[in-house]
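Visitor: quick one: sequence and predicted model below, then my questions.
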Amino acid sequence: YLYGRYNVQQVAWGDVLSGDGLVKIYDFFAQKLKSEKLFTSPQQIMENRKNEEVCHKAVELFVRLYARCARNFALATLAEGGVYIAGGIAAKYPLLFLEYGFIEEFCCSVKMGQILQQIPVSVITNYHASLYGAAWFAHTQNTL
């Protein structure tokens, strides 16, 4: 769908795991289900996820894809210390990851399920947390 509609050459996680990605997922379901209501922002989709079927389906798929991406990264890096979910949507809607089965999808692996169940998952609600890390790194580099 992304190839045809958005002329994407190569689909990456960032194409769907962002505010713009949520809108693209919504657009897919809106066309598929022939929805007459068209929401154009992540905020509109999130605010209508409980009373509009297309919004609900878009958010549900968004969370499932987010969990799959996090699962892949956790296994690739052996993130025993935990996985931290960050970003604008995560910061604004942290309970989203409890409402739509994130953990179940994250742990869904026949071979690695037991390992994944041991990895803690946290949602960072402070949108500026990455800036603190960058500032700390810059500070430590200046003092060496």
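Guide: Right, received. Where do you want to start? Keep in mind that this is a model prediction, so the values were computed, not measured.

Visitor: where does this structure have low pLDDT?
Guide: Low-confidence segments of the chain, defined by pLDDT under 70: 142-144.

Visitor: what number of residues lie near the residue nearest to residue 71 when sequence neighbours are not counted?
Guide: Spatial nearest neighbour of residue 71, chain neighbours left out: residue 106 (5.0 Å); criterion: Cβ to Cβ, 6 or more residues apart in numbering. C-beta here means a position set from N, CA and C on the backbone, and glycine is covered the same way. Residue 106: 25 surrounding residues under other Cβ atoms under 10 Å.

Visitor: so what's residue 106 up against?
Guide: 67-68, 70-71, 74, 83, 116, 121 (Cβ atoms under 8 Å, 6 or more residues apart in numbering).

Visitor: select the longest helix from the protein.
Guide: In the chain, with assignment by DSSP state H, the single longest helix is helix 53-77.

Visitor: what are the buried residues along that helix?
Guide: The neighbour-count check on helix 53-77 (16 or more other Cβ atoms under 10 Å) flags 54-67, 69-71, 74 as buried.

Visitor: which of the contacts of residue 106 lies closest to residue 95?
Guide: residue 121 (13.5 Å; Cβ to Cβ).

Visitor: which residues does the closest one bridge with?
Guide: Using DSSP bridges, the bridge partners assigned to residue 121 are residue 83.

Visitor: ok so, going back, chain center to the longest helix of the chain, what's the gap?
Guide: 6 Å (Cα atoms, centre = their mean, to the nearest Å).

Visitor: same thing with stretch 126-138?
Guide: With Cα atoms, centre = their mean, you get 20 Å for stretch 126-138.

Visitor: distance of residue 30 from residue 16?
Guide: Distance from residue 30 to residue 16, counting by Cβ to Cβ, to the nearest Å: 15 Å.

Visitor: so which residue is dead centre in the protein?
Guide: Nearest to the geometric centre of the chain sits residue 66, at 3.7 Å (Cα atoms, centre = their mean).

Visitor: got the contact list for the residue lying closest to it once chain neighbours are set aside?
Guide: Nearest residue to residue 66 in three dimensions, chain neighbours excluded: residue 17, at 5.5 Å (Cβ to Cβ, 6+ apart). Neighbour list for residue 17: 62, 65-66, 69, 87 [criterion: Cβ under 8 Å, 6+ apart].
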